[in-house]
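Visitor: no letters, just coordinates:
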C-alpha cells in the first residue's frame, strides 16, 4: 500500500479519534507514517533534549511499529501507521482511549476524581505515582513501563512551578493539542 505522501494526499486523523490526533503531531510530513526520525524531530520540537528525544524515538517506534502494521513484515525503518495506532494500545493504561482510540470522558474524569487529592484539578508527583500503581496490571511489564514512561515525560515537561500536572494539560496531551502548544513555546524561546 502506498503512503499518502507517494500519492500526494496528506493524512488527516479522524476528528473523534484522540489517539490518532495525539500521534499525528509526530507525523512531521503528514503522510500517515511516523518514522523514528520524525519521532525524534517531534520530541525536539516540544522542548526535549537530544538524549530523551533519541531514547523516545527508539523506544516508541521499536515498540509500536509492528503492532500498527498488521499483515506486513518486519521493517528496520520501524514505521508507525497512524491510522492503526489503536492496535498498539498497551495495558496498564488509564482507559481514557477506548479500543478504537476515541476519548472516554468518564475515564478521564476518573483520573482526577480518584487521584487528585491535594488539588481538585491537578496531580502531584506522588498522586501521579499512585495513578500508575493503580493502573498496573498483573504480568504486564511492557504496558506498565510504557505507561510510566508516558506519564513521567508528561510530568517532566508540563508540571508547573509547584510540581503539579494540571487537568487541562493532561486533556491536551490526550487530544494532541498540547504538542502544538509546546512546539510554539519552544520555537518562541529560540527566536524571541
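Guide: Yes, it's here. Here the structure is a predicted model, which means the values were calculated and not measured.

Visitor: which strands or helices does the helix or strand residue 44 falls within pack on?
Guide: Residue 44 is part of helix 36-45, with elements assigned from DSSP states H and E. Counting contacts by 3 or more CB pairs under 8 Å, 6 or more residues apart in numbering; DSSP states H and E, helix 36-45 is packed against helix 50-64, helix 177-190. Every residue, glycine included, has its C-beta placed from N, CA and C.

Visitor: show me where pLDDT drops low in the chain?
Guide: Residue ranges of the chain with pLDDT under 70: 1-8, 192.

Visitor: show me where it has strands.
Guide: For the chain, the strands defined by DSSP state E cover 33-34, 80-81, 122-123, 165-166.

Visitor: so which of the ones you listed comes closest to residue 173?
Guide: Nearest to residue 173, of all the strands of the chain, is strand 165-166, at 9.3 Å by CB to CB.

Visitor: please name every helix or strand in contact with the closest one.
Guide: By 3+ CB pairs under 8 Å, 6+ apart, strand 165-166 packs against strand 122-123, helix 141-158.

Visitor: quick check: the closest residue to residue 144 other than its chain neighbours vs residue 145, distance?
Guide: Counting by CB to CB, 6 or more residues apart in numbering, residue 144 lies nearest to residue 92, which is 4.3 Å off, once chain neighbours are set aside. Distance, residue 92 to residue 145, using CB to CB, to the nearest Å: 8 Å.

Visitor: those two: who's more crowded?
Guide: Ranked by neighbour count (other CB atoms under 10 Å), residue 92 and residue 145 place residue 92 first, with 20 against 14.

Visitor: ok, the more buried one - contacts?
Guide: 132, 135, 136, 137, 140, 143, 144, 146, 147 (CB atoms under 8 Å, 6 or more residues apart in numbering).

Visitor: repeat that with 6 Å
Guide: 135, 136, 137, 140, 143, 144, 147 (CB atoms under 6 Å, 6 or more residues apart in numbering).

Visitor: likewise residue 186?
Guide: Residue 186 touches residue 47, counting by CB under 6 Å, 6+ apart.

Visitor: count of neighbours near residue 93?
Guide: Residue 93 - counted by other CB under 10 Å - has 20 other residues nearby.

Visitor: pretty sure it contacts residue 147?
Guide: Yes: counting by CB atoms under 6 Å, residue 93 does reach residue 147; the two are 5.4 Å apart.

Visitor: returning to what we had before: most neighbours per residue, which of the helices and strands packed on helix 36-45?
Guide: helix 50-64 (a mean of 17; mean count of other CB atoms under 10 Å).

Visitor: that's all I had, so thanks and see you.
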